[in-house]
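Novice: Return atomic coordinates for the entry below.
(one chain, ligands or ions: 1)
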Amino acid sequence: MSRPALLPLYINGRFEEEGQRFDNISPVDGRLLNQAVEADAAQVARAVQAASDALQGPWGRYSVPERAALLHKVADGIQARFDDFVAAEVADTGRPLHLARTLDLPRAIANFRTFADLAVAQVDDCCETPQADGGLLFNYTVRKPLGVVAVIAPWNLPLLLLTWKLGPALAMGNTVVCKPSEETPSSAALLAEVMYNAGVPAGVFNLVHGFGPGSAGEFLTRAPQISAVSFTGESRTGSAIMKAVADGVKDISFELGGKNAAVVFADADFDAAVAGVARSSFFNTGQVCLCTERVYVERPIFDRFVAALKARAEGLKLGYPDEDGVDLGPLVSRQHREKVLSYFALAREEGAVVITGGETPQFGDARDQGAYVRPTIWTGLPDHARCVREEIFGPVCHIAPFDDEEEVLRRVNDSPYGLACALWTQRLDRAHRLARRVQVGIVWVNAWYARDLRTPFGGSKLSGLGREGGRHSLDFYSEISNVCVKL
Ligand SMILES: O=C(O)C(=O)/C=C/C=C/O
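Specialist: The predicted structure is shown next:
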């Protein structure tokens, strides 16, 4: 698979290599993977202008079925280069090959196909209003594109999350300017090739690489012609974007941070709960906004559960992406590892008992130049400890006992975040009762990160604004008008 040594921009249907370059470093062994072009203010402005112009071009005359057909062609194009995309995603993130093959790529393809099909199936409202004079009002909904959408994607699930936004945005007739994370630019560059080869009209999809403040991210969110920003990432970046678009009162869709809890009751299926909590804490090396970082276990099974979770964590294999049986890759970068390690140190200062982990592994090979950390479990911290309140975004969780529903509900809700929660119990009456009272956007019961793309997805409090998924995405990416006709 030949991945370009230089990842270009893609503006108005043309690949551009002019501009400052930045290095893309492997988190597996620290070697230079490739470089990407950092878009400057003028290039971002041209991308946004191209997107704005494209709305008045052929794309503006595409019917919904024609847009859907083109999105299926894009999905076909990704499928046809499945291995290239897997290699790009694995190179940038260091994730296990099997994870890219079973999650990232299938979801990227599904993200286009699902919203192409939902757009075609979309039915809008109408209603009749009898008038006192015997007349009738006929009301119906008209759905138009928002316009130019800025899509800013994170580095933890680069292609999955970029396409999760692109699918509905394009299905609803918008044009987009995308800025992938500077940590993971490679798969987005491949997607530009697929868009070009699928015949997506020039200006409909544009790609700018770069950073946030003072770089492409800021230039994009401040561009006057954008109508909306769809962003997944840290809460404080979300706040900065809100400020950038406030004067223009732009639409925003935010899927932000979390400090997600798992609650394990004594009646839970013990082995399923241990496996589920180990997965929700360490999946993708803890780099998913939905990952568990707070575990609450009912006291009668607490000691047994801690021992079982410790054994699970210590059984996880850290390795090269293509190693047989590898469970965890590295964190996305040395810089992110410094952040996670700072919490490892903070936990000790705050008085944590380290059940397992809390340090970097010593491989004695090239991986020591990477960004690996050991899966880590703490206990013994008070609920107000920073390590129990702040998002760490690594393979780490704090585990604490609880005695009753009301206590654990209060503790789970005592968080500035409100994204996801996993409840492990066989008392489904209790599960349904608690699910309504947990202040999050997504509750899993005896499961975690099980997805139906039609369901509402997003968080409350600092975890975000709005919902993605199914009709929620179609509505966000539409300008909906009502027409009222006197008959
Ligand atoms: O699975 C999804 O659709 C999704 O949005 C995942 C988000 C994870 C964020 O870290």
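Novice: Point me to the residue of this structure nearest the ligand.
Specialist: Of all residues in the chain, the one sitting closest to the ligand is Cys289 (3.2 Å; CB to the nearest ligand atom). C-beta coordinates here come from the backbone N, C-alpha and C atoms, glycine included.
Novice: Quick check: chain neighbours aside, which residue is closest to that residue?
Specialist: Leaving aside its chain neighbours, Cys289 sits nearest to Gly258 (5.1 Å; criterion: CB to CB, 6 or more residues apart in numbering).
Novice: The one you found: how many residues sit nearby?
Specialist: 29 (other CB atoms under 10 Å).
Novice: Offset the numbering so it begins at 508, please.
Specialist: Taking 508 as the first residue, the last one we looked at is Gly765.
Novice: Tell me if it really is in a strand.
Specialist: No - with DSSP: H, G, I helix; E, B strand; the rest coil as the criterion, Gly765 is coil rather than part of a strand.
Novice: For it, list the residues it contacts.
Specialist: 796-798, 800, 898, 924-927, 966, 970 (CB atoms under 8 Å, 6 or more residues apart in numbering).
Novice: rerun that using 10 Å as the cut-off
Specialist: 742, 795-800, 898, 900, 922, 924-928, 947-949, 966, 968-971 (CB atoms under 10 Å, 6 or more residues apart in numbering).
Novice: cool, Leu960 as well?
Specialist: With the criterion set at CB under 10 Å, 6+ apart, Leu960 makes contact with 614, 617-618, 620-622, 625, 671, 674-675, 975-977, 980.
Novice: measure it to Ala628 for me?
Specialist: Separation of Leu960 from Ala628 (CB to CB, to the nearest Å) stands at 13 Å.
Novice: near the ligand, which residues of the stretch 608-757 of the chain?
Specialist: By the criterion of CB under 6 Å from any ligand atom, the positions of the stretch 608-757 of the chain lying close to the ligand are 663-664, 668, 671, 739.
Novice: nearest residue to Asp624 other than its sequence neighbours?
Specialist: Ranked by CB to CB, 6+ apart and with sequence neighbours excluded, the top spatial neighbour of Asp624 is Ala575, at 6.8 Å.
Novice: Quick check: the one you found touching Leu981?
Specialist: No - applying CB atoms under 10 Å, one finds Ala575 not in contact with Leu981, separated by 12.0 Å.
Novice: shared neighbours, these two?
Specialist: Taking CB under 10 Å, 6+ apart as the criterion, Ala575 and Leu981 both touch 622, 625-626, 628, 678.
Novice: out of those, who has the most neighbours?
Specialist: For the shared contacts of Ala575 and Leu981, neighbours were counted by other CB under 10 Å; the highest total belongs to Phe622, with 30 neighbours.
Novice: and that one, helix, strand or coil?
Specialist: Secondary structure assignment for Phe622 (three-state DSSP): helix.
Novice: what's near enough to touch it?
Specialist: For Phe622, counting by CB under 10 Å, 6+ apart, the contacting residues are 574-575, 578, 629, 670-679, 960, 976-977, 980-981, 984.
Novice: Check Arg614 too.
Specialist: Taking CB under 10 Å, 6+ apart, one finds 621, 664, 666-668, 670-671, 958, 960 in contact with Arg614.
Novice: ok, the most centrally placed residue in the chain to Gly642 distance?
Specialist: Against the mean C-alpha coordinate of the chain, by CA atoms, centre = their mean, the closest residue is Leu668 at 4.6 Å. Leu668 sits 50 Å away from Gly642, taking CB to CB as the criterion.
Novice: follow-up on the earlier one: tell me the two of the residues of the stretch 608-757 of the chain next to the ligand that are most distant?
Specialist: The span of these, defined through CB to CB, is set by Asn663 and Trp671 at 12.2 Å.
Novice: what is in contact with those two at once?
Specialist: Thr739.
Novice: Between those two, which has more neighbouring residues?
Specialist: Trp671 (28 against 25).
Novice: Quick one: classify the more buried one as helix, strand or coil.
Specialist: Using three-state DSSP as the criterion, the local structure at Trp671 reads helix.
Novice: That one touches Ser980, doesn't it?
Specialist: Yes - if you go by CB under 10 Å, Trp671 and Ser980 touch, sitting 8.2 Å apart.
Novice: Now find how far off-centre stretch 781-791 is within its chain.
Specialist: Here the centre of mass of C-alpha atoms in stretch 781-791, compared against the chain's by CA atoms, centre = their mean, to the nearest Å, lies 18 Å away.
Novice: wait, stretch 915-931
Specialist: Its chain's C-alpha centre and that of stretch 915-931 lie 20 Å apart, by CA atoms, centre = their mean.
Novice: how about that stretch: buried residues?
Specialist: 915-916, 918-919, 922, 924-931 (16 or more other CB atoms under 10 Å).
Novice: CSV for the residues you listed, including pLDDT?
Specialist: Below are the buried residues of stretch 915-931 laid out as CSV (pLDDT from 0 to 100):
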residue, pLDDT
Val915, 98
Leu916, 98
Arg918, 98
Val919, 98
Ser922, 98
Tyr924, 98
Gly925, 98
Leu926, 98
Ala927, 98
Cys928, 98
Ala929, 98
Leu930, 99
Trp931, 98
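Novice: I'd like those written out as a markdown table, with distance to the ligand and secondary structure added.
Specialist: Compiled in a markdown table, those are given as follows (distance: CB to the nearest ligand atom, whole Å; DSSP: H, G, I helix; E, B strand; the rest coil):
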| residue | distance to the ligand | secondary structure |
| --- | --- | --- |
| Val915 | 24 | helix |
| Leu916 | 24 | helix |
| Arg918 | 23 | helix |
| Val919 | 19 | helix |
| Ser922 | 17 | coil |
| Tyr924 | 13 | strand |
| Gly925 | 14 | strand |
| Leu926 | 9 | coil |
| Ala927 | 9 | strand |
| Cys928 | 15 | strand |
| Ala929 | 14 | strand |
| Leu930 | 19 | strand |
| Trp931 | 21 | strand |
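Novice: I appreciate the help and will end here.
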